[in-house]
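K.L.:
task: produce atomic coordinates for the following.
(one chain, ligands or ions: 2)
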Amino acid sequence: MDRKNEILRELVLARDYVSGQELCRKLGVSRTAVWKCISRLREEGYVIEAVTNRGYRLRESGDGPLDRRSLEGALDTLWAGHPLIYKEETGSTNEDIFRLAEQGAGEGTLVVTGRQRAGRGRRGRTWLSPSDGNVYMSILLRPRIRADQAPMITLVMALAVWEAAREIRPVPGREVSFGIKWPNDIVASEGGGPWKKVCGILTEMRLEEADIRDIVVGIGLNVNQKVFSEEISGTASSFGLAAGRPLDRSLLTAAVWKRFEKNYALFLEAGSLAPLKETYEKALVNRGRTCRVLDPQAPFTGTALGINDRGELIVAPEEGGSPVAVGSGEISVRGVEGYI
Ligand code: ATP
Ligand code: BTN
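P.N.:
Numbering: from 1, shown residues only. Ligands and ions are numbered 1, 2, ... in the order given. Below you'll find the model as predicted:
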């Protein structure tokens with residue numbers, strides 16, 4: 001590891017100020033050499049504070065508090081997260097948003113919490129939501145689209161989370177990849193190891209006749225959780241665990257919404273995922289892999305090729321015949337030997 005990365009490593013691990021003197025001693029170099037490395041790291045975009053008599057500290061090196069102030073300070077969006085409602089604990093943020101929508105809340109209203117008592121996943125499954133360094137949040141949307149276009153929003157959101165995840169800097173020397181398991185899971189793999197789920201997305205919609213009344217997109221980000229209950233320990237992980245260091249939850253949250261605003265605008269303009277398809281497919285870990293399509297009527301095995309403009313997974317059946325477009329609604333896709 002070169003000297004600059006060694007210094008970065010010290011700062012990341014310290015999660016606090018490290019004196020220049022200590023860095024000199026640990027690395028066996030002069031103060032000028034340390035200063036030069038700090039300057040180079042800053043040029044690379046690391047925010048390093050220097051305080052007389054205390055030393056250097058890497059910002060965003062650890063999990064800060066998750067509260068209204070830190071979230072509002074980090075959020076850099078036009079409408080997503082305005083207003084922002086922070087709750088220390090709640091039942092389900094998706095439920096909270098539906099309640100607020102009924103009271104007339106506007107598009108962009110965001111509820112964020114650090115613990116849910118009744119977090120839910122797709123199809124009535126449970127989303128485990130302990131108070132363990134994670135973020136659970138939901139946003140209210142009122143797009144003027146047809147109801148059959150709404151499931152695409154899940155993919156728009158997944159792409160935003162993946163783009164934010166790609167900005168995470170792991171501890172130097174650690175190799176981490178992030179991907180999307182179609183349609184709604186963000187997964188991480190460390191050092192070429194198995195893909196594990198670090199984020200789930202649940203889009204729910206209420207209709208008025210055939211029109212959309214409101215849509216809630218809920219996101220569970222496992223940010224700094226280290227230990228998982230037995231039922232999910234084989235398939236679940238967290239962004240921080242993958243990166244090898246605790247992450248700042250407010251900064252990650254803000255990064256997600258910044259990207260969502262951009263992707264959502266492109267989606268609305270096109271009325272489809274056409275402008276996002278190429279990037280989504282880069283993130284798609286199912287691509288080129290054999291998968292089992294658990295269609296209750298006609299399950300089959302095939303190779304996932306990519307998605308179409310509607311966000312359906314295109315699967316070439318191993319039996320032959322033309323590729324099939326699989327919609328996310330009632331169908332699960334699994335790897336033949338496991339989760340992916
Ligand atoms: P599919 O919807 O395609 O069947 P899936 O198995 O990922 O995929 P989802 O409904 O998307 O199912 O996600 C819910 C599942 O996620 C739960 O059944 C559980 O296995 C897992 N899970 C629950 N809580 C967490 C969590 N905090 N972190 C990671 N995984 C979790
Ligand atoms: C899934 O993968 O099944 C989707 C999980 C979605 C979980 C989030 S956490 C915030 C929001 N509130 C909920 O009750 N669920 C979603």
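K.L.:
contacts and neighbour counts: CA atoms only from here.
P.N.:
Fine.
K.L.:
list the contacts of residue 291.
P.N.:
Residues near residue 291 by C-alpha atoms under 8 Å, 6 or more residues apart in numbering: 301, 302, 303, 304, 333, 334, 335, 336, 340.
K.L.:
residue 4 touches residue 35, doesn't it?
P.N.:
No. Using C-alpha atoms under 8 Å, residue 4 is not in contact with residue 35, being 9.9 Å away.
K.L.:
of those two, which one has the most company?
P.N.:
More neighbours surround residue 4 than the other of residue 4 and residue 35, with 18 against 15 (other C-alpha atoms under 10 Å).
K.L.:
so the more buried one lies in a helix, does it not?
P.N.:
Yes. Under DSSP: H, G, I helix; E, B strand; the rest coil, residue 4 sits within a helix.
K.L.:
next, count neighbours for the nearest residue to it once chain neighbours are set aside.
P.N.:
Nearest in space to residue 4, with sequence neighbours left out and distances taken as C-alpha to C-alpha, 6 or more residues apart in numbering, is residue 37 at 5.0 Å. Neighbourhood size, residue 37 [other C-alpha under 10 Å]: 19.
K.L.:
skip ahead from the helix or strand hosting residue 37 and say which helix or strand is next.
P.N.:
Assessed by DSSP states H and E, residue 37 sits inside helix 31-43. Toward the C-terminus, helix 31-43 is succeeded by strand 48-51 as the next helix or strand (DSSP H and E).
K.L.:
partner strands of that following strand and their direction?
P.N.:
Take DSSP bridges as the rule and strand 48-51 pairs in its sheet with strand 55-58 (antiparallel).
K.L.:
export the strand it pairs with as CSV, just CAs?
P.N.:
Only the C-alpha atoms of strand 55-58 are listed here, as CSV (Å, rounded to 0.1, in the frame of the first residue of the first chain):
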residue,chain,number,x,y,z
GLY,A,55,-4.6,16.9,13.7
TYR,A,56,-6.5,15.6,10.7
ARG,A,57,-10.0,14.1,10.5
LEU,A,58,-11.7,12.5,7.5
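K.L.:
in terms of pLDDT, where does residue 268 sit?
P.N.:
Note for residue 268: predicted pLDDT of 98.
K.L.:
residue contacts, residue 132?
P.N.:
114, 115, 224, 225.
K.L.:
state the distance from it to residue 289.
P.N.:
Distance from residue 132 to residue 289, counting by C-alpha to C-alpha, to the nearest Å: 33 Å.
K.L.:
much appreciated, bye for now.
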